[in-house]
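1. kindly return the folded structure for what I paste below:
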Amino acid sequence: MDPNKTLLEIQKQNHFVFKRLFDQVYGDLVHYANGYLFDREASEDIVQEVFIHIWEKANSIEIKSSLKAYLYAMVRNRCLNFLKSLKITDQCNVLEINTVLINDYDLEPFPEEDKKIVYEQVLRIVDTLPYKMQLIFKMKFIENYKYTEIADELGISVNTVKTQLKRAKFKIGQMISTILILLASQY
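-> Below you'll find the predicted structure:
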């Protein structure tokens, strides 16, 4: 169905057309949102909120591009608002990771709340690393272990510790770059 006709049918409260639109794009929108949030449940919630908004406000929606582009823009904006609303607790002084990991990125032009978003996402990214890599990373940057101490405690070589940390830093760096691009696009 033509996207313009889809919106017209939704404005007429056509449940069948709305459900079909939902079924067609829900999974892609959740995947898109998860690229911002790294949290599947929060991504699903945001996409559902977007669909609720579409259903409830269909008569006042004016789309200048395409319905699909409109949905993606709504999801992106709600994700960024969600990220800005996060309150960060730093019980382990994880924000000190900034001096080790984020020195490669110039965060000075960003407001404090955007820096907090980056830090929160670093914490989430760390939680998605493979278990052993996550453990090594936390031992090094949170508990301030030395390479040899980590190697001894985990029964691995110092080279393995360094390799795991290098891989972790690379993965985190990729995600931080994406987040910074998204934040910069808001200014």
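
2. low-confidence regions, this structure specifically.
-> Along the chain, segments meeting pLDDT under 70 span 1-4, 86-115, 179-187.

3. how is it divided into domains?
-> The record assigns the chain these domain ranges, following automatic domain parsing: 3-85, 94-184.

4. got the contact list for Y147?
-> Taking Cβ atoms under 8 Å, 6 or more residues apart in numbering, we find Y147 in contact with 140, 158, 161-162. In this view, the C-beta of every residue, glycine as well, is placed from N, C-alpha and C.

5. which helix in the protein has the most residues?
-> Ranked by number of residues, the top helix in the chain under DSSP state H is helix 158-184.

6. against which helices or strands is that one packed?
-> The contact analysis (3 or more Cβ pairs under 8 Å, 6 or more residues apart in numbering; DSSP states H and E) places helix 158-184 against helix 15-37, helix 67-85, helix 97-101, helix 112-128, helix 131-141, helix 147-154.

7. try 6 Å this time
-> In this structure, helix 158-184 packs against helix 112-128, helix 131-141, helix 147-154, with contacts taken as 3 or more Cβ pairs under 6 Å, 6 or more residues apart in numbering; DSSP states H and E.

8. mind putting those helices into CSV with distance to S66?
-> Shown next, in CSV, are these (distance: least, Cβ to Cβ, whole Å):
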stretch, distance to S66
helix 112-128, 29
helix 131-141, 40
helix 147-154, 51
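
9. quick one, phi/psi of I156?
-> Main-chain torsions, I156, degrees, to the nearest 10: phi -130, psi 170.
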